[in-house]
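Colleague: Pasted the sequence and its predicted model underneath.
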Amino acid sequence: MILLSYFVALVDRANISFAATTMNADLGFSETIYGIGASAFFLGYSLLEVPSNLLLAKFGARIWLARIMLTWGLISILTAFVHTPWQFYAMRFALGVAEAGFYPGVIFYLSSWFPGEHRAWAVSRFYIALPLSYIVMGSIAAPLLAMHGWLGLHGWQWLLVVEGLPSVLLAMVLLTALPDRPASARWLDDAERRWLEGVLTREAEAAGPASHNVLRALANRFVLMLGLANALLYLAVNAVAFSAPKLLAHGTGFDVAGVGRIVSAGGVTMAAALLSVSLLAGRTVPRSLLAYAGLMFAAAAGLAVLWLGGTAASTICGYIVFLAAGQTAGMLPLAIVSRLVPAADRAAGLAMTNTIAQAGAFFGPLLWGVLADWTGSYALGVALLIPVAASSGLMGLVVRRASLKLTPG
């Protein structure tokens, strides 16, 4: 259920990238206008991140995740009927407000089910929704855009409406079927419940002194450092992701269907990378951080190929390497924070880590759009993202060195 929920969230968040291939021309939006709208999502998302996660901890995952899904589904559908830039900005901002707290909320939820050594594995099993969303979006975007003219709607409007409906329906499923804690899981017997609750309790006690002081959680050095590393990651990834269809079309000369196949291939590669990293690097914090750094250096290399190549083949290869490495790295920071922050501070710490990261997510599409309008191409934007991705990898190594003093080995 968590995997399906995250899948439809990602589709509703990023389907605007395919819609933009025709929406921008239909509505007269420049790259800058589109970049502002894409970034507005992350502004709303970051402002409500911490409050949303604290409310999830208070009301329980079942009620709060269902609320999040219902509101973001309705807003995604309403985005299909915008006509002006300010309407577009408002809908994207509202979508961010609606979805705020979902991802760190899920990490917090999983931390109440899975012991630390299994947590990266568990995160990877729902994070696999990310590559699945690329595969599905790449496959269905062209047919949905081809519905242009049905009932007087543009193809991009049909894309937003059809892809927003599953969120509304799945919210009802979560509300009735998602258990908040192992104690309410029907598939566990009494002995299994006692064992799991006991393991999680002992782990929380071993994590060190806990405090419900929110400011203490927000000032945790691992929260701040991993938030900054993730901000640099998101700056690079979101700048490319929200313009990927147009970037790939420009670099390869392919139509929407051909670009969709490239995006789907990137999703398959990303899925393989996610599963591999979760198996090989998720059991200890230092290994997870080493994997994070290596993935971000690979992402920088992919951007270099994308920038220097100048051919259809280099565009495809550079994009797929960058996408698979960068998005796979994105699953690690919050899983690591969940193991380094005391249990009682975890909800606020996870939310704050993700809030810091949203600064990069906000500025990425915005600056990308401004540079594209200014230069008439995406080349400068790609070049500037290479050191950004590499810096995120270096920050991962810095955090690893600090974590060794706390969790040797």
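Modeller: Yep, it's here.

Colleague: pLDDT at Thr407, what is it?
Modeller: pLDDT recorded at Thr407 is 49.

Colleague: correction: Ala38
Modeller: Value for Ala38, per-residue pLDDT: 85.

Colleague: the bottom helix or strand of this protein by mean pLDDT?
Modeller: Here the helix or strand of the chain ranked lowest by mean pLDDT, DSSP states H and E is helix 214-218, holding a mean of 70.

Colleague: Just give me how far whichever helix or strand comes after it sits from the chain centre.
Modeller: Counting by DSSP states H and E, the next helix or strand C-terminal to helix 214-218 is helix 221-241. Chain-centre distance of helix 221-241: 11 Å, with Cα atoms, centre = their mean, to the nearest Å.

Colleague: Show me what helix 221-241 is packed against.
Modeller: Judged by 3 or more Cβ pairs under 8 Å, 6 or more residues apart in numbering; DSSP states H and E, helix 221-241 is in contact with helix 31-47, helix 285-309, helix 312-329, helix 332-340, helix 346-375, helix 379-406. Backbone N, C-alpha and C define where each C-beta goes, glycine included.

Colleague: Next SSE downstream of that helix?
Modeller: Proceeding N to C from helix 221-241, the next assigned helix or strand is helix 244-252, under DSSP H and E.

Colleague: which secondary structure elements does that next one contact?
Modeller: Helices and strands touching helix 244-252, by 3+ Cβ pairs under 8 Å, 6+ apart, are helix 16-27, helix 256-281, helix 312-329.

Colleague: In contact with Ile140, which residues?
Modeller: For Ile140, no residue meets the contact criterion (Cβ atoms under 8 Å, 6 or more residues apart in numbering).

Colleague: what do you get for the one 10 residues further on?
Modeller: Trp150 sits next to Trp158 when contact means Cβ under 8 Å, 6+ apart.

Colleague: how about 10 Å then?
Modeller: Neighbour list for Trp150: Gln157, Trp158 [criterion: Cβ atoms under 10 Å, 6 or more residues apart in numbering].

Colleague: any idea how far Leu159 is from it?
Modeller: Here the distance between Trp150 and Leu159 works out to 12 Å (Cβ to Cβ, to the nearest Å).

Colleague: How about Ala61?
Modeller: 30 Å.

Colleague: For Lys58, which residues are in contact?
Modeller: Trp64, Ala347.

Colleague: If you could redo that for Trp368, that was the one I meant.
Modeller: By Cβ under 10 Å, 6+ apart, the neighbours of Trp368 are 31-32, 34-35, 38-39, 235-236, 238-243, 247, 378, 380-382, 384-385.

Colleague: Of the residues you listed, which count as buried by neighbour count?
Modeller: Neighbour-count burial (16 or more other Cβ atoms under 10 Å) is assigned, among those, to 31-32, 34-35, 38-39, 235-236, 238-243, 247, 378, 381-382, 384-385.

Colleague: Helix or strand: which one has the spatially closest residue to Ala94 that is not a sequence neighbour?
Modeller: With sequence-adjacent residues excluded and distances taken as Cβ to Cβ, 6 or more residues apart in numbering, Ala94 is closest to Ile75, at 5.1 Å. Ile75 belongs to helix 61-78 when elements are defined using DSSP H and E.

Colleague: What mean pLDDT does that helix get?
Modeller: So the average pLDDT for helix 61-78 ends up being 89.

Colleague: That one vs helix 16-27, what angle?
Modeller: Helix 61-78 runs at 30 degrees relative to helix 16-27, counting by axes from the mean of the first three to the mean of the last three Cα atoms, to 10 degrees.

Colleague: Please convert the helices and strands packed on helix 221-241 to TSV, extending it with distance to Ala171.
Modeller: Below are the helices and strands packed on helix 221-241 laid out as TSV (distance: least, Cβ to Cβ, whole Å):
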stretch	distance to Ala171
helix 31-47	18
helix 285-309	32
helix 312-329	25
helix 332-340	23
helix 346-375	21
helix 379-406	34
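
Colleague: among these, which is the most enclosed?
Modeller: Across these, averaging neighbours per residue (mean count of other Cβ atoms under 10 Å) puts helix 332-340 on top, at a mean of 26.

Colleague: Quick one: mean pLDDT over it.
Modeller: Rounded mean pLDDT across helix 332-340 is 83.

Colleague: Could you export it as PDB, CA atoms only?
Modeller: Below are the C-alpha coordinates for helix 332-340, written out as PDB (Å, rounded to 0.1, in the frame of the first residue of the first chain):
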ATOM      1  CA  LEU A 332      19.500   7.000   1.500                       C
ATOM      2  CA  PRO A 333      19.700  10.300   3.500                       C
ATOM      3  CA  LEU A 334      16.400   9.900   5.400                       C
ATOM      4  CA  ALA A 335      17.000   6.200   6.000                       C
ATOM      5  CA  ILE A 336      20.400   7.200   7.500                       C
ATOM      6  CA  VAL A 337      18.900  10.000   9.600                       C
ATOM      7  CA  SER A 338      16.300   7.600  11.000                       C
ATOM      8  CA  ARG A 339      19.200   5.600  12.500                       C
ATOM      9  CA  LEU A 340      21.300   8.600  13.800                       C
END
